[in-house]
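[1] Any chance you could fold what I've pasted below:
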Amino acid sequence: MFTEKDRRKCEEIFRKHYSGRKFHDTLYGELIRKYLQPGQKVLDAGCGRYMRFCKDLSGMAELVGIDLETTLETDNRRAPFGVRGDIARLPFPNGHFDMVISRSVVEHLPDPPEVFREFSRVLRPGGKVVIITPNKYDYVSVIAALTPYKIHRFLVSKIFQVPEDDVFPTLYRANTVSAVRKAFRLAGMVPKEIRTINHYPAYLMFSPMLFRLGIFYERLTSLKPFGALRGSIICAFEKPAKPGMVRARVRNGAQIEGARLEVV
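    Okay, here's the model as predicted:
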């Protein structure tokens, strides 16, 4: 179905068009570091069995990962630490963390505001949530939503060469800019940054012809008028330091998206 020759050709095309570019994991890591202070306590909600970002950030912060996976890649004798649990029912006290991070989790949530309220509960006042999640309007998300789960699971596992049990059903209930903003607002949090970003056509790296079409689409959606169709949403939200005393200051006529929100 997918030949190694085709994969190698796609890798050559990738190097030609995307060498030196930053994509979603790098941008996600940069946004986390923008708001993270050394020594702070961070919860990685939906950390995955390999706890990648817990490990990447453990040198500058106290990391705890939580996931429903039965096995997490830690012995829990040293950082980062891992807990098996439901992110909608976090087993931590109020105000325990300075930051909650979550990568590629929101698209799987049946009730995002419920989960975001839990994020807010375990954050101290002024704490941040940083997430990255697929955009509902990206062509990959549209195809995934229309494809039966068994087929989607099979295809993704083959394309990315990962176990099928690493591929989960998607619901996309807070996967537009307006939807994610509303869900966090219902959880009592305010936006610091929200933007859409593009990714190279990773799902098409099995076919050089389709990969080239994906490059064209990525270049098209990189233009400002098509920003709503970009691949991912990356954002940071804040738990107000003084609940009920927060209002948005919009400078220079900017819209609320991208404006800086201040506690006053």
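[2] could you pull out the strands for the chain?
    Here the chain has its strands, by DSSP state E, at 41-45, 62-67, 81-84, 97-103, 123-134, 190-197, 232-238, 246-248, 261-263.
[3] Take these and lay them out in TSV including mean neighbour count.
    Heads up, the C-betas are built off the backbone N, CA and C, glycines and all. Below are the strands of the chain laid out as TSV (neighbours: other C-beta atoms under 10 Å):
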stretch	mean neighbour count
strand 41-45	25
strand 62-67	23
strand 81-84	18
strand 97-103	25
strand 123-134	21
strand 190-197	18
strand 232-238	23
strand 246-248	13
strand 261-263	15
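[4] show me the contacts for the closest residue in space to A228 that isn't next to it in sequence.
    Of all residues not flanking A228 in the chain, Y137 sits nearest, at 5.9 Å (C-beta to C-beta, 6 or more residues apart in numbering). Y137 makes contacts with T176, A228, L229, as judged by C-beta atoms under 8 Å, 6 or more residues apart in numbering.
[5] out of those, which one sits closest to F237?
    Taking C-beta to C-beta as the measure, F237 lies nearest T176 of the contacts of Y137, at 15.3 Å.
[6] what's the spacing between the nearest residue to the closest one once chain neighbours are set aside and G227?
    Spatial nearest neighbour of T176, chain neighbours left out: K136 (5.2 Å); criterion: C-beta to C-beta, 6+ apart. Per C-beta to C-beta, to the nearest Å, K136 is found 14 Å from G227.
[7] Which of these two has more residues huddled nearby?
    Remark: of K136 and G227, K136 carries more neighbours, 22 against 15, as counted by other C-beta atoms under 10 Å.
[8] pretty sure the more buried one is touching Y172, no?
    Yes. Between K136 and Y172 there is a contact at 4.4 Å, judged by C-beta atoms under 8 Å.
[9] list residues touching both of the two?
    Common neighbours of K136 and Y172 (C-beta under 8 Å, 6+ apart) are A145.
[10] before we move on, back to that, out of the contacts of Y137, which are buried?
    Buried members of these, counted by 16 or more other C-beta atoms under 10 Å: T176, L229.
[11] Which one of the contacts of Y137 is nearest to T196?
    A228 (6.7 Å).
[12] Return the residues in contact with the closest one.
    By C-beta under 8 Å, 6+ apart, the contact list for A228 reads N135, Y137, T176, V177, T196.
[13] any idea how far V177 is from it?
    As for A228, its distance to V177 is 7 Å (criterion: C-beta to C-beta).
[14] where in the chain is pLDDT low?
    1-2, 149-150, 152-168, 243-264 (pLDDT under 70).
[15] Show me where it has its helices.
    Here the chain has its helices, by DSSP state H, at 4-18, 24-35, 52-57, 112-122, 139-146, 149-160, 177-186, 208-221.
[16] before we move on, back to that, distance to L109 for the strands of the chain - can I get that in TSV?
    Converted to TSV, the strands of the chain look like this (distance: least, C-beta to C-beta, whole Å):
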stretch	distance to L109
strand 41-45	10
strand 62-67	14
strand 81-84	18
strand 97-103	10
strand 123-134	9
strand 190-197	17
strand 232-238	14
strand 246-248	25
strand 261-263	24
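[17] Please name whichever of these is nearest to L223.
    Across the strands of the chain, closest to L223 is strand 190-197 (C-beta to C-beta), at 12.0 Å.
[18] Report all helices and strands that that closest one contacts.
    Using 3 or more C-beta pairs under 8 Å, 6 or more residues apart in numbering; DSSP states H and E, the elements in contact with strand 190-197 are helix 24-35, helix 177-186, strand 232-238, strand 261-263.
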